[in-house]
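Asker: Turn this into a structure:
(one chain, ligands or ions: 2)
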Amino acid sequence: MQAVIDKLERTHNLSDDEFAALLAPLSPDDEKYLSQRACHVREKNYGKDVYIRGLIEFTNYCRNNCYYCGIRRDNAHAQRYRLTAEQILSCCHTGYQLGFRTFVLQGGEDAYFTDERLCQLIQEIKRHHADCAVTLSIGERSKESYQRLFAAGADRYLLRHETADKAHYEQLHPPAELSHSHRLQCLRDLKEIGYQVGCGMMVGSPGQTLNCLIKDLRLLQELQPEMVGIGPFIPQHDTPFAQEAGGTAAMTVRLLSIIRLLLPHVLLPSTTALGTIDPRGREKGLLAGANVLMPNLSPTEVRKKYALYDHKICTGEEAAECVRCLAARVESTGYKIVVSRGDHITKEGLY
Ligand code: SAM
Ligand code: FES
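Answerer: Ligands and ions are numbered 1, 2, ... in the order given. Reported below is the predicted structural model:
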């Protein structure tokens with residue numbers, strides 16, 4: 001298997017059979033070799049730096065009804081909230097003092113947040129914190145809308161593709177509302193406009209097969225995103241998938257390493273969902289090739305309400321506590337958190 005891992009590192013490509021072999025149970029030696037090569041590539045490109053992104057979960061209103069998600073429209077138990085512009089700016093100020101230079105505005109697809117309101121908000125954040133990047137993660141919008149938000153100063157956009165397999169996509173989302181092809185069109189529009197784009201899949205979502213994962217990897221090869229966000233699917237008790245099995249930390253960590261070798265320069269978070277299913281999940285992610293953490297900057301009083309999945313960690317801690325906790329966790333891996341926007345280094349000049 002080490003020859004296959006070397007080939008992936010060298011060519012950033014494998015046959016479907018080789019991908020399948022790499023996703024099957026591996027010997028402990030192969031497992032170790034894979035994460036070592038992934039860390040080598042990550043260190044070659046980004047050194048030992050870990051970039052932090054301040055996640056601001058600014059609304060949990062959502063017009064969509066994804067079967068897996070705790071803030072889906074039909075979840076009558078979700079206590080809905082939406083932060084004011086002042087509250088969002090205050091999160092940014094707190095974050096700035098804690099060393100954050102990227103703010104991620106994430107929310108459900110909430111019609112209240114029109115282009116006009118969002119543009120004002122982005123401009124205001126940029127006016128106060130010109131040296132910071134603004135990342136949006138607010139779902140599917142029109143190309144014109146993405147263009148306006150980019151013109152207002154948004155730098156990056158996270159839109160997970162969730163699964164690259166159309167039939168599987170339809171098992172995860174009501175087909176009459178969300179389509180696989182539109183999701184992909186949004187990602188292409190975002191790239192074309194000039195955003196640094198992040199896509200990614202849930203690991204172990206209901207109905208996911210080995211073939212779906214291979215298609216996910218092929219999609220990453222094709223789209224060449226600057227960021228890839230993957231995390232385990234975790235059931236949420238008020239959703240149609242409440243009784244489904246969740247994804248595993250082992251498979252998530254394996255995929256992080258594979259993605260690092262596939263896209264050597266990618267910005268790759270070790271996610272809160274991974275930290276939720278394994279107490280050392282985020283550290284394991286960093287030691288498998290991830291180089292980004294996205295701690296929560298949302299006001300403590302709304303954290304529990306942004307309940308995408310059950311048992312989410314860090315819902316009681318103040319932002320400063322999370323940063324202290326994370327700094328110690330990162331230190332235990334031999335890496336270090338840096339104060340930086342942490343932009344993607346383009347491939348130019350690196351080879
Ligand atoms: N509305 C925006 C969007 O669709 O991109 C951003 C918010 S959405 C809640 C952010 C991500 O949470 C989704 O892309 C999905 O992958 C993840 N997510 C939702 N429910 C989850 C669950 N039960 N387990 C793990 N991840 C989940
Ligand atoms: Fe939030 Fe550890 S990162 S408490």
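
Asker: Now V41: closest residue in space, sequence neighbours ignored.
Answerer: Nearest non-adjacent residue to V41, counting by CB to CB, 6 or more residues apart in numbering: P264, 4.9 Å away. Heads up, the C-betas are built off the backbone N, CA and C, glycines and all.

Asker: What distance do you get for the one you found to E283?
Answerer: P264 sits 22 Å away from E283, going by CB to CB, to the nearest Å.

Asker: cool, and E318?
Answerer: 21 Å.

Asker: What parts of this structure come near ligand 1?
Answerer: Contact residues, the chain versus ligand 1 (CB under 6 Å from any ligand atom): 68-69, 106, 108-109, 137-139, 159-160, 162, 202, 231, 233-234, 236, 273, 308-309.

Asker: So which of E318 and E283 has more stuff around it?
Answerer: Ranked by neighbour count (other CB atoms under 10 Å), E318 and E283 place E283 first, with 21 against 14.

Asker: can you list the residues that contact the helix or strand containing that one?
Answerer: According to DSSP states H and E, E283 maps onto helix 281-286. Residues from elsewhere that reach helix 281-286, judged by CB atoms under 8 Å, 6 or more residues apart in numbering: 50, 249, 252-253, 256, 269-272, 274-275, 278, 293, 326, 329-330, 332-333, 335.

Asker: what do you get if the cut-off is 10 Å, keeping everything else the same?
Answerer: Contact partners of helix 281-286, identified using CB atoms under 10 Å, 6 or more residues apart in numbering, comprise 35, 39, 42, 48, 50, 230-232, 249-250, 252-253, 256-257, 268-276, 278, 290-295, 313, 326, 329-335.

Asker: Only the buried subset of those, as a ChimeraX command please.
Answerer: Selecting the buried subset of the contacts of helix 281-286 in ChimeraX, with 16 or more other CB atoms under 10 Å as the burial test, is done by:
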select :35,39,42,50,230,231,232,249,252,253,256,257,268,269,270,271,272,273,274,275,276,278,290,291,292,293,294,295,313,326,329,330,333,335
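
Asker: Intersect the contacts of helix 281-286 with the contacts of ligand 2.
Answerer: Residues of the contacts of helix 281-286 in contact with ligand 2 (CB under 6 Å from any ligand atom): P295, L326.

Asker: ok, the residue nearest to V41 to I258 distance?
Answerer: 12 Å.

Asker: Kindly report the same for E162.
Answerer: 18 Å.

Asker: what's the answer for Y195, then?
Answerer: The value you get for Y195 to I258, if CB to CB is used, is 24 Å.

Asker: what mean pLDDT would you report for stretch 186-205?
Answerer: On average, the pLDDT along stretch 186-205 is 98.

Asker: all helices for the stretch 251-351 of the chain, in order.
Answerer: 272-277, 281-286, 300-303, 319-333 (DSSP state H, counting those that start in this stretch).

Asker: Tabulate those helices in JSON lines, adding columns for mean pLDDT and distance to Q221.
Answerer: Shown next, in JSON lines, are the helices of the stretch 251-351 of the chain (pLDDT from 0 to 100; distance: least, CB to CB, whole Å):
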{"stretch": "helix 272-277", "mean pLDDT": "98", "distance to Q221": "23"}
{"stretch": "helix 281-286", "mean pLDDT": "98", "distance to Q221": "21"}
{"stretch": "helix 300-303", "mean pLDDT": "94", "distance to Q221": "36"}
{"stretch": "helix 319-333", "mean pLDDT": "96", "distance to Q221": "28"}
